[in-house]
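1. Quick check, what structure comes out for this input:
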Amino acid sequence: MKETIKDVKQRMDKAVGVFREELKTLRTGRASLGILDPVRVDYYGTPTPLNQVAGLSVPDPTMIVIAPWDPSLIGAIEHAIQKANLGLNPMNDGKVIKLPVPPPTQERRRDLVKLGHEYAEKARTAVRNVRREGNEALKALEKDKKISEDDLRRGLDEIQKATDAHVEEINKIMAAKEKEILEV
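-> So this is what the prediction gives:
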């Protein structure tokens, strides 16, 4: 029973971690390297994460500088950024690519918050699915007479407490992100 509960908690932690990673891709008006995570550069026929073919830096809150290790990749990097549909327009000076990050409009901010809430709901659903699977596993253990009815009740209560804690964590993370996005 302890292994089942431990597994449930680990899987719930993983769902929260995935949610945090998804939120990093939301642009808040401040330059963040997280918004470039989905960008894949065609590096000799292989889609490669941008941070593996170039040095990335944020010299100021409205600019990202991309310095390719191989200068012949500048065109491929520009193409990959445009293809990723981030709403950013790369500027190339031959050696580095400057990526200005304009502050989003109020309407775009509302869209970003809406998208964030969709990510949060997906994460809450994932946590609830893990709860359901954990509950089913405990009920199967009780049915096979491997744990008592009292142990089943305690296990179900513990899984419910873990679920509540993880859903609350997701809500807090989303509230903080919403505040960050809507700040002008």
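2. any weak-confidence spans in the protein?
-> The chain contains residues with pLDDT under 70 at 27-29, 184.
3. in it, what residue sits furthest out from the centroid?
-> Seen from the C-alpha centroid of the chain, the residue lying at the greatest distance (C-alpha atoms, centre = their mean) is K145, 40.5 Å away.
4. I figured A54 hits A80, correct?
-> No: in this structure A54 lies outside contact range of A80 using C-beta atoms under 8 Å: 10.4 Å. No exception for glycine: its C-beta is placed from N, CA and C like everyone else's.
5. Now the common contact residues for the two.
-> Listed as contacting both A54 and A80 by C-beta atoms under 8 Å, 6 or more residues apart in numbering are V41.
6. Distance-wise, check the residue farthest from the centre of the chain relative to E158.
-> Distance of K145 to E158, given as C-beta to C-beta, to the nearest Å: 20 Å.
7. repeat for D42
-> Taking C-beta to C-beta, one finds D42 at 48 Å from E158.
8. quick one, which of the two is more surrounded?
-> Set D42 next to E158 and count neighbours by other C-beta atoms under 10 Å: E158 wins out with 18 against 15.
9. I figured that one hits I5, correct?
-> Yes: under the criterion of C-beta under 8 Å, E158 makes contact with I5 at 5.5 Å.
10. Just read off the phi/psi values of G45.
-> phi 90, psi 0 (degrees, to the nearest 10).
11. Equivalent analysis for the one 4 residues further on, please.
-> Backbone torsions of P49, given as degrees, to the nearest 10, read phi -60, psi 140.
12. Find the residue closest to it in space, skipping its chain neighbours.
-> R40 (6.4 Å; C-beta to C-beta, 6 or more residues apart in numbering).
13. backbone phi and psi for that neighbour, please?
-> According to degrees, to the nearest 10, R40 has phi -120, psi 130.
14. now the one 4 residues further on
-> For Y44, the backbone dihedrals (degrees, to the nearest 10) come out as phi 50, psi 50.
15. any idea whether the residue farthest from the centre of the chain is helix, strand or coil?
-> Put simply, K145 is coil when judged by DSSP: H, G, I helix; E, B strand; the rest coil.
16. and the gap between it and E107?
-> Distance, K145 to E107, using C-beta to C-beta: 60 Å.
17. G45 too?
-> On the measure of C-beta to C-beta, G45 and E107 end up 39 Å apart.
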